[in-house]
Every structure is written in C-alpha cells, then in structure tokens.
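J.: quick one, fold the following:
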Amino acid sequence: KADCSGLSAENYEIASSSVMSTFRVSKKSISLSASEIPEGKELSKVYDGNTDVPAEVLDMVKNNQSDYFTFTGVIGKDSVNLLNTFTGKFDRSSVKMDEYPGAEKITLTGLLLDNPNYTLTDTSFDIPASVTQKGITVKVNGASYVYGTKLSDMSFTVTGTGLVSGEKLSDIAEFSFVSY
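T.: Prediction:
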C-alpha cells in the first residue's frame, strides 16, 4: 500500500490529505545463459543404453550451478538459485564417433527458483555433455581351421562381457579372421 499523506501544492487544494492504494508487485522474468564450463567440471556418462542422467551428474550441476549457467536479468545483488528439484535427460543414449566430444547435451527440466521475486522465462535448459564409450571384453572360443581351406570356412564363437542389458555382440560388431 502507498500512503500519500503530507502532499501539498501551491496552486492546488488537495481534497484528501491521505490517499491509500493497493499495488500488485509482479515477479520479474529472468533467463538462464550458458557459462563457460571450467576444466574438470565437464559433464559425461559412460554409455548405458538410455538417456537417463546419472544422479552424480545431476548433483554436480545442482551443487555447482554457477559453473554451468548464469541468470540474466537479476536486479542488483539479489541472490537467485535453482531449487534442487530439476531433472535431466541426455538428448541421445549413444556415442557419436563422427562428432567432437561434448556434442551431446543434457536438457534440464522442471526448473524452479529459490527467490520468490523472480520467474524463469523457460523452465528447461540445455547443458553440453557427452556420452563416452563403455568398455567390453570380447573372447573368441573354439576357433578351428583346417590347413588348406578358406579362412571363411573357419568356425568360431565370439562372446562379450560388459554389454548393456538387452544388447548382443552381433548387434554391434561383425567378426572375421584375417590371415597374416
């Protein structure tokens, strides 16, 4: 409320010495801008077949917000942070070998602010991240070869350990013997 008592004017007579009015203060809209991610704070996960962001990666963002983004439009020295309720998804689950590291991204959603005087213009935000290769072990079993026959006639089985659940070695690679 605003109290306008004590008003005076030389050329006018004010009908009421006290005028009361109610004002509505709206939240100020602000936005997130990407920060230059410091060395050692890059976000990544090892390939696991899905787009989920591991808890430790989300925690890194939640606990070090200024390393990943800044707020644009905050007034003066107001303090504004994201509440730790947001979630995230990688834009894809697989490694893309033909692109530079960090070509993937994490999209954060459900962004809320801890300062009630502000609102975000967008409740999602993209952060550069990467999916790295998962190591597996490949073993050739029972390879047999009869001298003088073609290598293509060789029989063998290939097994792999460390594959993501539901994936088969035959889905990710072809195997053949080459003579030296």
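J.: show me what contacts Leu112?
T.: 82-83, 85-86, 120, 123 (CB atoms under 8 Å, 6 or more residues apart in numbering). For glycine as for every other residue, the C-beta is placed from the backbone atoms N, C-alpha and C.
J.: run the last query once more with 6 Å
T.: 83, 85 (CB atoms under 6 Å, 6 or more residues apart in numbering).
J.: ditto for Thr137
T.: For Thr137, the contacting residues are 161-162, by CB under 6 Å, 6+ apart.
J.: could you give the bridge partners of it?
T.: Per DSSP bridges, the residues bridged to Thr137 are Thr161.
J.: list of residues touching the top helix by length along the chain?
T.: In the chain, taking DSSP state H as the definition, the longest helix is helix 55-63. Outside of helix 55-63, the residues within contact range by CB under 6 Å, 6+ apart are 43, 68, 84, 88.
J.: burial of the second one, as a residue count?
T.: Right, the one you point to is Tyr68. Applying other CB atoms under 10 Å, we find 24 residues neighbouring Tyr68.
J.: now Gly40: which helix or strand?
T.: Secondary structure assignment for Gly40, by DSSP states H and E: no helix or strand.
J.: any idea how far it lies from Lys134?
T.: In this view, Gly40 and Lys134 are 22 Å apart by CB to CB, to the nearest Å.
J.: kindly report the same for Ala55.
T.: 18 Å.
J.: ok, Arg92 next?
T.: From Arg92 to Lys134 the distance is 15 Å (CB to CB).
J.: neighbour count winner among the two?
T.: Between Arg92 and Lys134, Lys134 has the larger neighbour count (other CB under 10 Å), namely 15 against 12.
J.: now do the same for the more buried one: its pLDDT.
T.: With respect to pLDDT, Lys134 scores 86.
J.: residues contacting it?
T.: Taking CB under 6 Å, 6+ apart, one finds 46-47 in contact with Lys134.
J.: contacting residues around the spatially most central residue of the chain?
T.: Nearest to the mean C-alpha position of the chain, by CA atoms, centre = their mean, lies Ile106 at 2.5 Å. Contacts for Ile106 (CB under 6 Å, 6+ apart) come out as 53, 88, 90, 127, 129.
J.: try 10 Å this time
T.: Neighbour list for Ile106: 43-45, 51, 53, 57-58, 61, 68, 87-91, 125-130 [criterion: CB atoms under 10 Å, 6 or more residues apart in numbering].
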